[in-house]
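Enquirer: Pasting the sequence and the predicted model now:
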Amino acid sequence: MGTTSDEVFDTTGKGGGPGLKRGLGPRLLLLFIVGDILGAGVYAVTGTMAGTVGGLVWLPFLLAFVVATLAAFSYLELVTQYPQAAGAALYTHKAFGIHFLTFLVAFAVVCS
């Protein structure tokens, strides 16, 4: 019961056990911070919108939920029809058969 804070937070590995391994590098930390800033921006915009619109602030969220649900069911139907791993590019190619349009859809997915 007599552990000191030096024994608990030993990062050098000199205490007999393995030391701590760095898991969060500079790049991952930068991405985490940028994501945090963007997420906070989304919440701030939602609050501003709620102040402007008032009681109807739930309507855009309900509409987005309905659209996302329809998209999810559409993808569910397409996955059962074409069980290959290609996503939107495969479905575009099967629907239209135009290689350039398939490329544009695949490129847009990669960019998003």
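Expert: Sure thing, it's come through. Numbers count the residues shown, from 1 in each chain.
Enquirer: tell me which residues in the helix or strand residue 80 falls within are buried?
Expert: Using DSSP states H and E, the element containing residue 80 is helix 58-81. Of the residues in helix 58-81, residue 78 count as buried by neighbour count, 16 or more other CB atoms under 10 Å. Where C-beta positions appear, they are placed from N, C-alpha and C, glycine not excepted.
Enquirer: Which residues does it contact?
Expert: The contact list for helix 58-81, computed with CB atoms under 8 Å, 6 or more residues apart in numbering, reads 49, 91.
Enquirer: what's whatever helix or strand comes next after it packed up against?
Expert: Moving toward the C-terminus from helix 58-81, the next helix or strand (DSSP H and E) is helix 88-96. Helix 88-96 is packed against helix 99-111, with contacts defined by 3 or more CB pairs under 8 Å, 6 or more residues apart in numbering; DSSP states H and E.
Enquirer: Could you pull out the buried residues of the helix it packs on?
Expert: Buried residues in helix 99-111, counted by 16+ other CB under 10 Å: 102, 105, 106.
Enquirer: what sits against residue 94?
Expert: Residue 94 sits next to residue 82 when contact means CB under 8 Å, 6+ apart.
Enquirer: between the longest helix along the chain and helix 58-81, what angle do the directions make?
Expert: The longest helix of the chain (DSSP state H) is helix 26-53. For helix 26-53 against helix 58-81, the angle by axes from the mean of the first three to the mean of the last three CA atoms, to 10 degrees is 130 degrees.
Enquirer: Please report the distance of residue 23 from residue 29.
Expert: With distances taken as CB to CB, to the nearest Å, residue 23 is found 11 Å from residue 29.
Enquirer: Give me the more crowded residue out of these two.
Expert: The residue with more neighbours, out of residue 23 and residue 29, is residue 29; 10 against 6, by other CB atoms under 10 Å.
Enquirer: any idea how far residue 106 is from the more buried one?
Expert: Per CB to CB, residue 29 is found 31 Å from residue 106.
Enquirer: Give me the below-cutoff pLDDT ranges for the protein.
Expert: The chain contains residues with pLDDT under 70 at 1-17.
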